[in-house]
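Q: The amino acid sequence is not available; the structure is as follows:
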């Protein structure tokens, strides 16, 4: 008798080429990727049957009929950089800005870039759009790229450009000394920011806002891909838990001004900032050497109808494969495919002194019969599920050292904000659409995009409860970072609910709160319920 052990089941996914259809061509982006779930609570089809119950002297039911099929996938796992990036665009229903920052090598249809010589990464033919966002000037600013997952240590980390790329170039030339290699499929090379020369940057702080001005090196920050709502990181990791290439409070001073800040607007060489780190004041890099301003891709909710400001609305479906070892017979595996899955609800769970976890929930159209035949795109193709890519950025984020920032302006001082627990939920109110004559959903409907939070805070200020009672518009920020990179979750506008207190004996008084984000047309970042800024390299809270 075949028996399938849970620990032996393999789960992977691919982005579908159309609803219900896995890609069948060797092309970039069509790779199956392995998942690392801790628990799978739902997978595949749930069948509804209705029995016949005629009036009959034999007092028995008759064989019924299958009337409905509901398909979906839900699993819980540790929150890692890769696990979040797997489905981030699908849950926000939007394509990332600066998506071209994820550099690839199209030789043979596979990422990532190979190291061709001692200073070259081989990449796709560079588009005019990407070339316009890269900058190189020997005496001024140089774009930065970040490599991860290469076998040779010298190839990993931050590298500054050594030549100005132009459209159709197929190499990225850097100033570092590299070691030639063809990396594994899970390695990556991404644009990570810009390095600015000594004396060019000035940071001026006024209350809770600031300006960061480039005197000459960066003529227009927006041309590098930055936009309002996105976060930047001043300074870069030095490889030993500290910061380097940051700003100083005096000429020749140590790099003592670093951290994450949000862009509110851009005026050519000036970045207007808010959500500043505590303790920021006037600073520059005069006499301090180069300064790094790190940034990457940016994801936010957008309207369905594109306009001049947002044209990145995206409806993406996923297909999942479950491998059941020995189910067909001893030595012969069986495969089940859940198809046409749309991202429904993502819960980021941040308990006290523990790992951060997430629960991903999808609603699909159907599930194929379990079979001994595996989907593929050719016996030797590296794009089939048999060659699913192993996660690279798999270091677990935790709720102590991984928080580089955690704040809400319901209390004026970020140092007075103490969360005991926190859950952030992204919901899309997805529902299946059935039609007569079809078993399973024919379509999937995407509903309202909703971002909610639920947490418990120390009762450090009456403003917490007053904000609930007065329906005050507040904001929220969480920056999670480790050696795999960082992402900032920014809720520009939300209102708090709840506010009930708990009085545990021998402990602090607690306040239970809920929060509902909304699109504020008159807010600092208009009509955005959630902004997510991604950093290939970041600083954790031991630094910040």
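A: Here it is on my side, so go on. Predicted model, so just to flag it, every value in this text is computed and none were measured.
Q: remind me which residues of the chain are low pLDDT?
A: The model of the chain has pLDDT under 70 over residues 1-2, 25-30, 48, 67-69, 105-110, 250-254, 306-310, 377-382, 411-416, 542-544.
Q: Residue most distant from the centroid, it?
A: residue 57 (62.6 Å; C-alpha atoms, centre = their mean).
Q: Quick check: it vs residue 212, distance?
A: 87 Å (C-beta to C-beta, to the nearest Å). Yep, even glycine has a C-beta here, placed from its N, CA and C like the rest.
Q: and the closest residue to residue 164 other than its chain neighbours, what are its bridge partners?
A: Sequence neighbours aside, residue 136 is the residue nearest to residue 164 in space, at 4.0 Å (criterion: C-beta to C-beta, 6 or more residues apart in numbering). Per DSSP bridges, the residues bridged to residue 136 are residue 142.
Q: Determine the number of other residues adjacent to residue 136.
A: Close neighbours of residue 136, defined as other C-beta atoms under 10 Å, add up to 17.
Q: Residue 395 reaches residue 486, doesn't it?
A: No: with contact defined as C-beta atoms under 8 Å, residue 395 does not count as touching residue 486 (11.9 Å).
Q: So between these two, which is more surrounded?
A: residue 486 (29 against 16).
Q: and the more buried one, what are its bridge partners?
A: Where residue 486 sits in a bridge, its partners, by DSSP bridges, are residue 481, residue 535.
Q: looking at it, it is touching residue 532, isn't it?
A: No: counting by C-beta under 8 Å, residue 486 sits too far from residue 532 to count as a contact (10.9 Å).
Q: ok, the nearest residue to residue 134 once chain neighbours are set aside to residue 158 distance?
A: Setting aside the residues directly before and after it, residue 134 is nearest to residue 143 in space (C-beta to C-beta, 6+ apart), at 4.5 Å. Look at residue 143 and residue 158: by C-beta to C-beta, they are 11 Å apart.
Q: Likewise for residue 131?
A: Distance, residue 131 to residue 158, using C-beta to C-beta: 20 Å.
Q: Those two: who's more crowded?
A: Using other C-beta under 10 Å, the more surrounded residue of residue 131 and residue 158 is residue 158, with 22 against 15.
Q: Which helix or strand lies directly C-terminal to whichever strand or helix holds the more buried one?
A: For residue 158, the host element (DSSP states H and E) is strand 157-160. Per DSSP H and E, the first helix or strand lying C-terminal to strand 157-160 is strand 171-173.
Q: Packing partners of the helix or strand following that next one?
A: Next along the chain after strand 171-173, taking DSSP H and E as the criterion, comes strand 188-196. Contacts defined by 3 or more C-beta pairs under 8 Å, 6 or more residues apart in numbering; DSSP states H and E place strand 188-196 against strand 102-103, strand 142-148, strand 291-294.
Q: quick one: the longest one to strand 188-196, angle?
A: An angle of 150 degrees separates the directions of strand 142-148 and strand 188-196 when computed by axes from the mean of the first three to the mean of the last three C-alpha atoms, to 10 degrees.
Q: if I read this right, residue 387 contacts residue 32, doesn't it?
A: Yes: counting by C-beta under 8 Å, residue 387 does reach residue 32; the two are 7.2 Å apart.
Q: what's the neighbour count on residue 49?
A: By other C-beta under 10 Å, the residues close to residue 49 number 10.
Q: I'd guessed it sits against residue 64; true?
A: Yes: between residue 49 and residue 64 a contact is recorded at 4.8 Å, counting by C-beta under 8 Å.
Q: so what sits against both of those two?
A: Residues touching both residue 49 and residue 64 (C-beta atoms under 8 Å, 6 or more residues apart in numbering): there are none.
Q: who's in contact with residue 133?
A: 98, 100, 101, 143, 191, 223, 224, 225.
Q: In a markdown table, list these along with distance to residue 348 and neighbour count.
A: Conversion of those to a markdown table gives the following (distance: C-beta to C-beta, whole Å; neighbours: other C-beta atoms under 10 Å):
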| residue | distance to residue 348 | neighbour count |
| --- | --- | --- |
| 98 | 23 | 22 |
| 100 | 27 | 18 |
| 101 | 23 | 24 |
| 143 | 31 | 21 |
| 191 | 26 | 25 |
| 223 | 33 | 13 |
| 224 | 29 | 21 |
| 225 | 26 | 21 |
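Q: for the residues you listed, which one is nearest residue 5?
A: Closest approach to residue 5 among these (C-beta to C-beta): residue 101, at 40.9 Å.
Q: Quick check: nearest residue in space to the closest one, chain neighbours excluded?
A: residue 191 (3.9 Å).
Q: pretty sure the one you found contacts residue 98?
A: Yes: if you go by C-beta under 8 Å, residue 191 and residue 98 touch, sitting 7.3 Å apart.
Q: what is in contact with the two at once?
A: 133, 225, 296.
Q: Just give me the closest of those residues to residue 403.
A: Nearest to residue 403 among the shared contacts of residue 191 and residue 98, with distances taken as C-beta to C-beta, is residue 296, at 19.1 Å.
Q: show me what contacts that closest one?
A: Contact analysis of residue 296 by C-beta under 8 Å, 6+ apart lists 98, 101, 190, 191, 192, 193, 533, 534, 535, 536.
Q: Just name the closest of those to residue 270, please.
A: residue 193 (17.2 Å).
Q: Does the closest one touch residue 292 like I think?
A: Yes: with contacts counted by C-beta under 8 Å, residue 193 reaches residue 292, the gap being 6.0 Å.
Q: where do the contact lists of those two overlap?
A: Shared contacts of residue 193 and residue 292, counting by C-beta under 8 Å, 6+ apart, come down to 144, 236.
Q: one step back: and the residue farthest from the centre of the chain, helix, strand or coil?
A: When classified by DSSP: H, G, I helix; E, B strand; the rest coil, residue 57 comes out as coil.
Q: Adjust the sequence numbering to begin at 368 for everything that follows.
A: In the new count, where the first residue is 368, that last one comes out as residue 424.
Q: so how far is residue 763 from it?
A: In this structure, residue 424 and residue 763 are 64 Å apart, going by C-beta to C-beta.
Q: Over to residue 552?
A: Counting by C-beta to C-beta - residue 552 and residue 763 are separated by 22 Å.
Q: next one: residue 774
A: Distance from residue 774 to residue 763, by C-beta to C-beta: 23 Å.
Q: Same question for residue 438.
A: From residue 438 over to residue 763 (counting by C-beta to C-beta), the distance is 30 Å.
Q: likewise residue 714?
A: Taken as C-beta to C-beta, the span from residue 714 to residue 763 is 17 Å.
Q: what does residue 660 give?
A: The value you get for residue 660 to residue 763, if C-beta to C-beta is used, is 28 Å.
Q: Who has more neighbours out of those two?
A: Ranked by neighbour count (other C-beta under 10 Å), residue 660 and residue 763 place residue 660 first, with 27 against 18.
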